[in-house]
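**Q** Only the shape, not the letters, is given here:
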């Protein structure tokens, strides 16, 4: 499993698997090196790049927003970083589908090594995601959109990290779920 951080975030169209990589930090560089090593030492490797992963477990944006929306009257959320959220349960389903790809319908080939992108369908900002969480939970917290420059972080995040998932759809017959549908599913389990 790899990441959108292998890209620099300067594109304005979704990144394809063959788009030039240019990680901007140690995390993205180490993931890219891992991709190279995996493919070099096992040509049958399948690498799935994903972005903005969340679930009802662990530490992630959705769980952080749930806590903040419950504890605060007002919060600020970045609105100039665009991407596609990925519900971890959907990603797990896709991985299982690929693992069992020997059972694909007639006309489709089985295991196809290489690099693939997968995320839920739709392009939004972190602010949009926070507002959707607020609306789905009925929170009264005020959410203010802010630029990245007002929310510095240790790791530089790509401003644009939308991944084109058409290759994985075509190769393995994957159906993308809309980010809103997946978010609602996750929140129903929180």
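**A** Good, I have the coordinates. These figures come from a predicted structure and were not determined experimentally.

**Q** For the one helix or strand residue 169 maps to, which residues meet the burial criterion?
**A** If you go by DSSP states H and E, residue 169 is part of helix 166-172. With burial defined by 16 or more other C-beta atoms under 10 Å, the residues of helix 166-172 counted as buried are 167-169, 171-172. Every C-beta, even on glycine, is put in place using the N, C-alpha and C of the backbone.

**Q** do stretch 35-48 as well
**A** Along stretch 35-48, these residues count as buried under the neighbour rule (16+ other C-beta under 10 Å): 35, 38-39, 46-48.

**Q** what's the answer for stretch 46-65, then?
**A** For stretch 46-65, burial by neighbour count (16+ other C-beta under 10 Å) applies to 46-56, 60-63, 65.

**Q** among those residues, which two are most distant?
**A** Within the buried residues of stretch 46-65, 46 and 65 form the most distant pair, 31.5 Å apart (C-beta to C-beta).

**Q** The spatially most central residue of the chain: what's its closest spatial neighbour, skipping adjacent residues?
**A** For the chain, the residue sitting closest to the mean C-alpha position, by C-alpha atoms, centre = their mean, is residue 51 at 2.1 Å. In this structure, residue 51 finds its nearest non-sequential neighbour in residue 4, 3.8 Å apart by C-beta to C-beta, 6 or more residues apart in numbering.

**Q** pretty sure that neighbour contacts residue 85?
**A** No - between residue 4 and residue 85 there is no contact under C-beta atoms under 8 Å: 11.3 Å.

**Q** So the two - more neighbours on which side?
**A** For the pair residue 4 and residue 85, the greater number of neighbours falls to residue 85 (28 against 25), based on other C-beta atoms under 10 Å.

**Q** List the contacts of the residue nearest to that one when sequence neighbours are not counted.
**A** Excluding its sequence neighbours, the residue lying closest to residue 85 (C-beta to C-beta, 6+ apart) is residue 52, at 4.4 Å. Contact analysis of residue 52 by C-beta atoms under 8 Å, 6 or more residues apart in numbering lists 4, 61, 83-86, 119, 129, 161.

**Q** Look up how far residue 40 lies from residue 52.
**A** Applying C-beta to C-beta, to the nearest Å, one obtains 28 Å for the distance of residue 52 from residue 40.

**Q** Residue 74 too?
**A** Going from residue 74 to residue 40 by C-beta to C-beta gives 50 Å.

**Q** what's the answer for residue 152, then?
**A** Between residue 152 and residue 40 the computed distance is 36 Å (C-beta to C-beta).

**Q** what does residue 161 give?
**A** Residue 161 sits 25 Å away from residue 40, going by C-beta to C-beta.

**Q** Give me the contact list for the lengthiest helix in the chain.
**A** With secondary structure taken from DSSP state H, the chain has its longest helix at helix 26-41. Contacting residues not belonging to helix 26-41 are listed as 2-3, 5-7, 21, 23, 45, 47, 113, 115, 155 [C-beta under 8 Å, 6+ apart].
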